[in-house]
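> fold the following and give me the result.
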Amino acid sequence: MSLPSDIAFILDPARPVLTHARSMQAETGVLPHAHPRGQLLWAKQGVLRVTSEQAVWVVPSTHGVWIPGNCNHQVSCETLVETRNLYIDPTYPVRDQDTQVVMVAMTALMREIVLRLNDSPKCSGDASTARLGLVAIDELNSLSAADLSLPAGTDPRLRRIISHMVSHPDTRHILGELASLAGASVRTLERLFKSETGLTFRQWRTRFKLMNALEALDRGESSTAVAYTVGYKSTSSFVAAFKAEFGYTPQVHARRL
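Down below sits the predicted model:
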């Protein structure tokens, strides 16, 4: 696990937007943390997994994550990921309606601004870079939120299981096998999933598998291959479940990349 960037802790209204690029190797992550600057986290390449105290996100390159200042979160990945980050000084209001972590749909303009700012010298006092940073804040405020998260719950036994599932997305999770990890009975865990997430364990696992299907689709894998990988018996049943969850088919998602 890596440490968060020091840039996230710099408080300086004269530099409203600071940047940090990071290459994350497969099966690595950043330690749980919080920082005073708000963060736009975006993977130029690869798929991120972000966990907060409230929810879990699987984030393809078509989307980013807005993390308000002082929100605890953890970032991990299963494959190589290239992240490009913007850190906004807290003196600048950003997405006041979002008090917790939120996934956002990246526009073409937002992607280009993030890339341009990350190509500029870090911590630069250059006036043009500062102006572009203000444009980034305006565009960030206009990005559409995407309801593609999974509730994480608060009970420590439930969170141990969810953390394990997020860290091992390829494992065929059976609740009976996870019970010893949580230190609770299967019946207790079934009750916790329903009461704390609003979903049964099966529903939570199915939605998590569909969210992880985004990663394979982003790598260019076919719907047939992805259906098999995430445990569906037929391509048609996978496509139907994917569309019911996200509102569009895997083919439409692939064309958005």
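
> quick one: contacts of the top helix by length along the chain?
Taking DSSP state H as the criterion, the chain has its longest helix at helix 201-218. Helix 201-218 has contacts (CB atoms under 8 Å, 6 or more residues apart in numbering) with 46-47, 56-58, 60-61, 78-79, 148, 150, 165-166, 169, 173, 175, 189-190, 193, 197, 199, 223, 225-226, 229-231, 238, 241-242, 245-246, 250, 253-254, 257. (Glycine included, C-beta is placed from N, CA and C.)

> how about 6 Å then?
Residues outside helix 201-218 that contact it (CB atoms under 6 Å, 6 or more residues apart in numbering) are 47, 58, 60, 150, 169, 173, 175, 190, 193, 197, 226, 229-230, 242, 245, 250, 253-254.

> likewise stretch 42-57?
By CB under 6 Å, 6+ apart, the residues outside stretch 42-57 that reach it are 58-61, 64-65, 72-77, 79-84, 100-101, 103, 114, 149-152, 166, 215, 218.

> and the helix or strand bottoming out on mean pLDDT in the chain, what does it pack against?
None of the helices or strands of the chain scores lower by mean pLDDT, DSSP states H and E than helix 250-256, at a mean of 80. Using 3 or more CB pairs under 6 Å, 6 or more residues apart in numbering; DSSP states H and E, the elements in contact with helix 250-256 are helix 201-218.

> just the CA atoms of the helix it packs on, as PDB, please.
Only the C-alpha atoms of helix 201-218 are listed here, as PDB (Å, rounded to 0.1, in the frame of the first residue of the first chain):
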ATOM      1  CA  PHE A 201     -25.900 -10.700   0.200                       C
ATOM      2  CA  ARG A 202     -26.800 -12.200  -3.200                       C
ATOM      3  CA  GLN A 203     -28.000  -8.900  -4.500                       C
ATOM      4  CA  TRP A 204     -24.900  -7.100  -3.200                       C
ATOM      5  CA  ARG A 205     -22.600  -9.700  -4.700                       C
ATOM      6  CA  THR A 206     -24.400  -9.600  -8.100                       C
ATOM      7  CA  ARG A 207     -24.200  -5.800  -8.300                       C
ATOM      8  CA  PHE A 208     -20.600  -5.800  -7.300                       C
ATOM      9  CA  LYS A 209     -19.900  -8.500 -10.100                       C
ATOM     10  CA  LEU A 210     -21.600  -6.300 -12.600                       C
ATOM     11  CA  MET A 211     -19.600  -3.200 -11.500                       C
ATOM     12  CA  ASN A 212     -16.500  -5.300 -11.900                       C
ATOM     13  CA  ALA A 213     -17.600  -6.300 -15.400                       C
ATOM     14  CA  LEU A 214     -16.800  -2.700 -16.400                       C
ATOM     15  CA  GLU A 215     -13.100  -3.400 -15.900                       C
ATOM     16  CA  ALA A 216     -13.100  -6.300 -18.300                       C
ATOM     17  CA  LEU A 217     -15.100  -4.400 -20.900                       C
ATOM     18  CA  ASP A 218     -12.700  -1.500 -20.600                       C
END
